[in-house]
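Novice: Sequence first, then the predicted structure:
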Amino acid sequence: MVGTDTLTMIAFGSTTLLTLGVLTAVREIFSPKEIITESGKRIRGSLRRTATVFDQAPARGLFGRIDQGFDQLILESGFEMAPAAAFQWLIIFALLGGGGAYLVNGDPLVGVAGALAGMVLMLLIFTIRRARRLAAIREQLPHVLEMLARGTRAGQSTEQAIALVGEEAGGILGKEFKRCTQQLEMGRAFDRVLASLASRVRLVDIRILTTTLIVQRQAGGHLSETLDRMAMVVRDRLTAARQMKASTGGGRMSTMIVAGIAPFATIAIYMLHREHFTLLFEDSLGRTLLMTGIVLELIGLVWVYTLLRQDN
């Protein structure tokens, strides 16, 4: 016989997912998809073309920036899904984590913690996937720069060199340059196409490349030599980054383990020996010490994250 708690969680999860599906379908079918670009032009979406966050001007409000940041995370991660579908996966993981924790422990607070852990896990998956995709782009970039240099040195125009990369390079950058070629064939301005590329692939090296191509088209110059030097610099940076990671790998791993022990140990002790936390929740000094520890832990995690990203 299935318990009441199990039936309640199943009914709640089913109702939530059904509501999300209906609202998403209604939004995609009936809502007007009008977007304001950076130039102030209004674009109305249709079933033929799905406008993305890269067509939008930067949001001014906090919630708008959060919404755009989530959309960029999903699109840059390389998953073949819309941001609305990714948000549904967040809800699914939250329901699985929260419902599972509640059924095992029976405490609503543990259920909320499990739901938050499920959402954080899904966001972590998207973040790791985006980091790996950007790393693959960095590895491929020197080869692409050399292909562009060879094409322009052989007498091809910049558009022809971009089309060559789109056809021959393969990988992630091959797809991105093929998309640039399609936009150029549709009559879009050259600088707009490269600005769109820089917004889709948010790397400093890509931004430098697009700026170089735009300036060269306007002012002229020896593009092939510039691209060769850029390829050499990018390759040297990749070599230095690999050496840095190899020499600091042990320290980085130790730091990550030390930073992650406290949250997992706290959750384990709370679930197994809850009486040890009585003073922390009931006594005023205990609550002060608990909040102080949480704040210091968050500061330490942010500091470690900043140190780990200094080589990017």
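Specialist: Structure received.

Novice: hey, which helix is longest across this structure?
Specialist: Counting residues, the longest helix in the chain under DSSP state H turns out to be helix 108-153.

Novice: name the helices or strands packed onto that one?
Specialist: Here helix 108-153 touches helix 62-77, helix 83-105, helix 158-168, helix 171-185, helix 204-219, helix 223-247, helix 249-272, going by 3 or more Cβ pairs under 8 Å, 6 or more residues apart in numbering; DSSP states H and E. (Glycine included, C-beta is placed from N, CA and C.)

Novice: next one: the fourth one to chain centre, how far?
Specialist: On the basis of Cα atoms, centre = their mean, to the nearest Å, helix 171-185 is displaced by 21 Å from the centre of the chain it belongs to.

Novice: could you check the angle helix 108-153 makes with it?
Specialist: 70 degrees (axes from the mean of the first three to the mean of the last three Cα atoms, to 10 degrees).

Novice: Quick check: what element follows helix 171-185 along the chain?
Specialist: helix 190-200 (DSSP states H and E).

Novice: Can you mark which positions in that next one are buried?
Specialist: 190, 193, 194, 195, 196, 197, 198, 199, 200 (16 or more other Cβ atoms under 10 Å).

Novice: tell me the angle of the longest helix of the chain relative to helix 83-105?
Specialist: With the same axes, to 10 degrees applied, the angle from helix 108-153 to helix 83-105 works out at 150 degrees.

Novice: same question for helix 108-153, mean pLDDT?
Specialist: Confidence for helix 108-153, expressed as mean pLDDT, is 85.

Novice: now it against helix 223-247, angle please.
Specialist: Here helix 108-153 runs at an angle of 140 degrees relative to helix 223-247 (the same axes, to 10 degrees).

Novice: just to revisit the earlier point, format the helices and strands packed on helix 108-153 as CSV; extra columns: distance to residue 298, mean neighbour count and mean pLDDT.
Specialist: Below are the helices and strands packed on helix 108-153 laid out as CSV (distance: least, Cβ to Cβ, whole Å; neighbours: other Cβ atoms under 10 Å; pLDDT from 0 to 100):
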stretch, distance to residue 298, mean neighbour count, mean pLDDT
helix 62-77, 18, 16, 79
helix 83-105, 21, 18, 77
helix 158-168, 43, 18, 88
helix 171-185, 34, 17, 88
helix 204-219, 28, 16, 86
helix 223-247, 26, 15, 85
helix 249-272, 10, 12, 75
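
Novice: got those helices as a markdown table, with distance to residue 118 columns?
Specialist: Below are the helices and strands packed on helix 108-153 laid out as a markdown table (distance: least, Cβ to Cβ, whole Å):
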| stretch | distance to residue 118 |
| --- | --- |
| helix 62-77 | 16 |
| helix 83-105 | 3 |
| helix 158-168 | 39 |
| helix 171-185 | 29 |
| helix 204-219 | 34 |
| helix 223-247 | 30 |
| helix 249-272 | 13 |
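
Novice: ok, residue 126 to residue 73 distance?
Specialist: Here the criterion is Cβ to Cβ, to the nearest Å. By it, residue 126 lies 5 Å from residue 73.

Novice: same deal with residue 211?
Specialist: Relative to residue 73, residue 211 is positioned 25 Å away (Cβ to Cβ).

Novice: Kindly report the same for residue 117.
Specialist: Counting by Cβ to Cβ, the gap from residue 117 to residue 73 is 19 Å.

Novice: Could you do residue 88 as well?
Specialist: Distance from residue 88 to residue 73, by Cβ to Cβ: 15 Å.

Novice: Likewise for residue 83?
Specialist: 8 Å.

Novice: now do residue 242
Specialist: In terms of Cβ to Cβ, residue 242 sits 26 Å off from residue 73.

Novice: Please apply the same query to residue 171.
Specialist: For residue 171, the distance to residue 73 equals 21 Å [Cβ to Cβ].
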